[in-house]
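>>> output the structure for:
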Amino acid sequence: MAGEVDALLFFLLAVSTVMTVGIALAIVFLAFKYRRGSKASRQKSGGSSAVLETAWIGIPFVLSMGMFVWGASVYFRLFDMPADAMEVHVVGKQWMWKFQHPDGRREINELHVPVGQPVRLNMISQDVIHSMYVPAFRVKHDVLPGRYTSLWFEATRTGAYHLFCAEYCGTQHSLMKGRVVVLEPTEYQAWLAGTKPGQTPVEAGAMLFEELRCATCHRVAGTERPRCPPLENLFGAEVELADNSRVTADEAYLRESVLRPNAKIVKGYTAAMPPFEGQIGEEGMNDLVAYLKSLAAKKPGSTQP
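Purely as a prediction, here's the structure:
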């Protein structure tokens with residue numbers, strides 16, 4: 001998207017420059033022509049020009065609407081996540097960036113990706129507001145505490161590209177930087193082979209699910225009615241709440257239901273779940289949400305990833 005963003009920016013700069021220079025020259029010319037003591041006629045104009053009126057209304061309107069449509073098109077494309085994008089979990093923390101690959105590999109202040117592969121960053125902050133900024137890719141998005149945000153890019157050239165936090169986040173904000181290393185697919189596979197894989201987010205989430213004894217109340221299968229809502233096929237589904245309102249079970253809903261379960265009570269159930277706020281870090285929440293999302297693709301009767 002860098003080429004499209006640059007083209008829009010240069011067009012905006014060109015229009016601004018032409019209008020600014022034109023207006024400035026007109027001011028200088030008129031100031032000189034009608035200076036004190038000049039013999040220029042100062043009689044009132046005999047009438048108005050329909051052509052001139054139409055031009056100075058129509059031309060700026062067409063230009064401004066064209067820039068609006070062009071900018072909106074680029075904006076929507078920047079936030080239209082490709083379905084085949086490789087998902088990477090990102091946690092911003094004073095003062096570092098923590099990345100987790102789909103196979104569980106983790107990096108700090110460095111992200112390795114293959115060239116020509118769309119990459120989606122699912123981001124959240126552990127403390128204050130940060131902002132993920134990769135200037136070479138023309139992408140930037142705030143990373144917020146308590147809320148998931150996403151951005152994507154597809155690198156078209158190999159190399160190492162600067163990564164910054166673009167939101168003042170504390171005394172060492174200027175040190176919160178890193179790089180995105182773009183490799184050829186074969187080199188990326190070699191990098192993967194040379195690093196130690198960890199648990200995938202789904203596997204780590206399943207383990208955390210058991211450690212927290214969640215299965216005691218959230219039975220994924222069984223004939224007996226569970227004390228808490230079932231979790232299979234929950235992600236992406238519409239949930240009816242006790243106040244008869246409806247919400248979609250997305251990542252934000254799953255996160256809130258774990259940390260603050262009494263915020264939204266599912267219809268037909270009582271507030272029986274204890275809150276886990278302050279007991280699970282953002283990386284653990286990423287793993288747990290990944291596991292709960294995986295249950296949407298499981299057949300009833302299986303709690304394994």
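>>> what residues are bridge-paired with Val182?
Here Val182 sits in beta bridges with Val113, Gly159, as judged by DSSP bridges.
>>> now it: how far from Leu111?
To Leu111, Val182 is 9 Å away according to C-beta to C-beta, to the nearest Å. Using the backbone N, CA and C atoms, a C-beta is placed for each residue, glycine as well.
>>> also Ser131?
16 Å.
>>> avg pLDDT for stretch 25-43?
Averaged over stretch 25-43, pLDDT sits at 86.
>>> and the end-to-end length of that stretch?
Chord length of stretch 25-43, first to last residue, is 23 Å (C-alpha to C-alpha, to the nearest Å).
>>> where do the strands of the stretch 101-250 of the chain begin and end?
Ranges of strands in the stretch 101-250 of the chain, per DSSP state E, counting those that start in this stretch, are 106-108, 110-114, 119-125, 130-134, 139-143, 149-153, 159-165, 177-183, 238-240, 246-248.
>>> quick one: which of these is nearest Glu53?
Glu53 lies closest to strand 139-143 among the strands of the stretch 101-250 of the chain, at 41.3 Å (C-beta to C-beta).
>>> coming back round to it: JSON lines for the strands of the stretch 101-250 of the chain, including mean pLDDT and distance to Ile265?
What follows is those, written out as JSON lines (pLDDT from 0 to 100; distance: least, C-beta to C-beta, whole Å):
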{"stretch": "strand 106-108", "mean pLDDT": "89", "distance to Ile265": "35"}
{"stretch": "strand 110-114", "mean pLDDT": "93", "distance to Ile265": "39"}
{"stretch": "strand 119-125", "mean pLDDT": "93", "distance to Ile265": "24"}
{"stretch": "strand 130-134", "mean pLDDT": "94", "distance to Ile265": "32"}
{"stretch": "strand 139-143", "mean pLDDT": "93", "distance to Ile265": "30"}
{"stretch": "strand 149-153", "mean pLDDT": "92", "distance to Ile265": "27"}
{"stretch": "strand 159-165", "mean pLDDT": "94", "distance to Ile265": "37"}
{"stretch": "strand 177-183", "mean pLDDT": "93", "distance to Ile265": "41"}
{"stretch": "strand 238-240", "mean pLDDT": "86", "distance to Ile265": "10"}
{"stretch": "strand 246-248", "mean pLDDT": "88", "distance to Ile265": "11"}
